[in-house]
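**Q** only geometry, no sequence info:
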């Protein structure tokens with residue numbers, strides 16, 4: 001996060017006070033102007049707050065800092081990738097390796113520190129290994145996305161240090177269905193010339209339910225405002241398109257379940273194919289394929305009249321096969337990545353019991369995961385590996401009147417083994433050495449409290465959490481040794497790495513009244529051993545000595561990240577010119593600051609301070625809105641990086657909700673993205689991709705969403 005524009009040290013945020021960076025105040029003017037022009041209005045009753053399922057099995061008031069996207073809001077934000085769909089949510093940025101491969105970045109952390117879930121289960125792909133690897137998921141098939149900010153390791157593992165993204169669909173119906181129902185969506189246009197279609201249909205009778213869905217998306221090279229890319233360290237020819245950024249994907253799924261009043265049991269199979277270009281290399285395309293089988297179930301009311309300890313048990317299991325081929329310009333396959341993963345998760349919910357004048361309840365569970373990874377080909381920079389993990393976890397809560405206390409713990413055992421040169425490509429003899437393995441025992445814990453602020457008035461509450469998280473190193477961090485073409489560096493792992501260790505503190509404030517919701521969070525994460533990929537100062541010759549690349553090595557360093565998020569949404573009074581329209585305004589700000597405590601250098605690829613303001617209007621069947629987003633200049637960068645300029649974009653949209661009778665409706669939308677045709681580069685992207693792939697330019701997109 002930038003400090004003062006002058007870079008003076010006195011402008012840096014204090015760890016103890018978490019202040020808003022001083023460079024934020026000049027940029028706050030759009031939000032202040034919006035607040036002054038649109039006076040607040042009251043509603044007779046509060047609307048229902050979104051119910052967060054992920055990380056909140058007890059339905060507690062002390063849920064992690066979170067965001068939920070579903071329905072119309074998800075349809076308007078839906079992008080070609082998961083990262084683009086979530087970019088701009090509080091604390092969430094995108095890795096931005098071109099328009100086809102973009103993972104979420106949460107509070108400055110990405111890769112193996114963000115846990116991607118598919119209906120609460122592990123999502124198996126290679127997206128955490130490299131920024132050019134797409135997430136094996138089609139946003140068109142998703143019905144709901146939940147984002148947890150901050151450590152969620154107690155329920156999902158140490159690789160959730162930065163947060164959790166859970167994509168939810170109804171492929172295994174969890175409640176009884178009736179007559180056939182579904183939805184369909186068509187979209188066309190946008191800066192990438194998108195052509196997309198998705199449909200789902202589901203029904204049930206007598207407790208037996210079924211679900212089917214399919215999606216297809218195609219896009220062309222991304223159109224952008226005019227920019228001059230950096231090629232081989234210098235400026236290239238002026239461009240208005242991102243070369244080799246087109247893509248084509250298709251997905252489908254079938255699911256069955258049996259339900260009754262006490263639970264459900266079911267299964268689903270799904271498949272995804274994705275063929276896309278790598279924006280940083282015009283000669284490389286990626287062919288991605290994933291198949292997944294998932295099982296899930298739940299049984300409630302087990303305690304009954306017997307007074308048992310366990311009230312409900314839920315389970316889920318999955319098996320995924322993933323293949324990823326990098327195809328050269330002449331059609332040959334340069335490298336093939338294969339992953340096979342399985343997961344089993346059991347969770348028991350305790351019966352609520354009186355304790356110390358309050359109510360005590362909790363959950364406990366077991367999670368087992370297996371992952372076999374292989375990289376074959378001339379550009380394989382990681383050996384074939386095998387990862388095995390098992391964990392026990394618990395989350396306990398005591399409700400004492402108005403206040404709620406929560407504590408959790410997780411104990412894991414992780415084994416990461418390398419096949420060494422036994423499975424290495426013939427062109428890299430001796431690169432990975434002999435077979436070896438490491439064992440780790442990560443331990444994590446947290447304490448939290450939430451209580452009302454009675455002196456502040458109704459609707460106010462404060463929360464505080466303290467946590468300690470440990471993460472076992474990933475296979476690439478331990479065993480990588482080769483040229484990583486996507487990043488343009490020679491990556492070296494360190495088989496002697498220790499577990500990554502961090503401590504986390506967060507203070508939250510919430511207010512809800514009269515249709516208004518305010519959420520604020522100030523947080524601080526301190527790493528004793530942050531596993532980072534840093535330059536060693538050395539270089540090696542590659543491609544037969546025709547090129548030289550720098551050597552980067554994974555190592556553990558002390559680090560610190562801190563920041564905050566403030567969001568507000570609520571109704572405002574409509575001016576006379578908009579009489580009859582219902583208006584809802586929103587505003588938000590978030591910032592992150594990251595530092596390597598050993599060197600004093602900023603951590604790389606940290607999103608800058610960001611501001612946003614929005615206005616939604618409704619009158620009868622008509623909808624309209626605007627969204628203003630501003631990213632400040634990011635000049636807090638390490639010595640081997642360059643600052644990213646500030647940018648401001650404006651999106652406009654309009655819609656018409658068409659009733660079709662018998663509970664069916666169609667929402668027609670028209671969206672003008674980046675109305676000012678602003679040139680926007682992503683500070684969270686790797687430098688090699690950042691200057692070759694800016695955000696899309698001004699473009700019109702049309703769509704229709706049918707619900708029946």
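**A** Here it is on my side, so go on. Everything quoted here is computed from the prediction, not taken from an experiment. Numbers count the residues shown, from 1 in each chain.
**Q** Can you show me the helices along the stretch 51-200 of the chain?
**A** Counting by DSSP state H, counting those that start in this stretch, the stretch 51-200 of the chain has helices at residues 71-77, 82-86, 153-156.
**Q** With the stretch 601-708 of the chain instead?
**A** Using DSSP H, counting those that start in this stretch, helices in the stretch 601-708 of the chain cover 687-690.
**Q** just the strands in it please.
**A** 610-619, 622-631, 647-661, 664-673, 699-707 (DSSP state E, counting those that start in this stretch).
**Q** would you turn those strands into CSV with mean neighbour count?
**A** For the C-beta atoms, the positions are set from N, CA and C on the backbone; glycine is no exception. Shown next, in CSV, are the strands of the stretch 601-708 of the chain (neighbours: other C-beta atoms under 10 Å):
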stretch, mean neighbour count
strand 610-619, 19
strand 622-631, 19
strand 647-661, 16
strand 664-673, 17
strand 699-707, 18
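**Q** thinking again about what came up before, most tightly packed of the helices of the stretch 51-200 of the chain?
**A** helix 153-156 (a mean of 27; mean count of other C-beta atoms under 10 Å).
**Q** Give me the contacts around that helix.
**A** 55, 57, 115, 117, 159-161, 164, 365, 393-395, 408-410, 444-446, 467, 469-471 (C-beta atoms under 8 Å, 6 or more residues apart in numbering).
**Q** what's across from residue 198 in the sheet?
**A** Beta-bridge pairing of residue 198 under DSSP bridges involves residue 185, residue 215.
**Q** same question, the one 4 residues further on
**A** Note on residue 202: beta-bridge partners residue 181, residue 211, judged by DSSP bridges.
**Q** related to what we said a few turns ago, so which of the helices of the stretch 51-200 of the chain is nearest residue 570?
**A** Between residue 570 and these, the shortest separation by C-beta to C-beta is 15.6 Å, and it involves helix 71-77.
**Q** That closest one packs against which elements?
**A** Packing partners of helix 71-77 (3 or more C-beta pairs under 8 Å, 6 or more residues apart in numbering; DSSP states H and E): helix 82-86, strand 664-673, strand 699-707.
**Q** right, and residue 258 touches residue 296 too?
**A** No: between residue 258 and residue 296 there is no contact under C-beta atoms under 8 Å: 11.7 Å.
**Q** tell me, what's touching the two both at once?
**A** With C-beta under 8 Å, 6+ apart as the test, residue 258 and residue 296 both reach 264-266.
**Q** and which of the residues you listed is nearest residue 285?
**A** residue 266 (36.5 Å).
**Q** what about the nearest residue to that closest one once chain neighbours are set aside, how many residues close to it?
**A** Leaving out its chain neighbours, the residue that sits closest to residue 266 by C-beta to C-beta, 6 or more residues apart in numbering is residue 257, at 2.8 Å. As a burial measure, residue 257 scores 26 neighbours (other C-beta atoms under 10 Å).
**Q** quick one: strands adjacent to the helix or strand containing residue 257?
**A** According to DSSP states H and E, residue 257 maps onto strand 247-260. Applying DSSP bridges, strand 247-260 is found paired with strand 208-219 (antiparallel), strand 263-277 (antiparallel).
**Q** and stretch 474-484, average pLDDT?
**A** Averaged across stretch 474-484, the pLDDT comes to 90.
**Q** Hmm, I typed the wrong one, I wanted stretch 402-412.
**A** Stretch 402-412 comes out at a mean pLDDT of 93.
**Q** same question, stretch 108-124
**A** For stretch 108-124, mean pLDDT rounds to 87.
**Q** Specify the beta-bridge partners of the nearest residue to residue 578 once chain neighbours are set aside.
**A** Among residues not flanking residue 578 along the chain, residue 617 sits closest, at 6.8 Å (C-beta to C-beta, 6+ apart). Counting by DSSP bridges, residue 617 is bridged to residue 583, residue 624.
**Q** Now do the contacts for the residue positioned nearest the centre of the chain.
**A** Central residue of the chain (C-alpha atoms, centre = their mean): residue 104, 3.6 Å from the mean position. By C-beta under 8 Å, 6+ apart, the residues touching residue 104 are 82-83, 86-87, 92-95, 110, 114, 116, 147, 163, 165.
**Q** pLDDT at it, what is it?
**A** Residue 104 carries a pLDDT value of 91.
**Q** ok, now residue 134?
**A** Looking at residue 134, the pLDDT reads 83.
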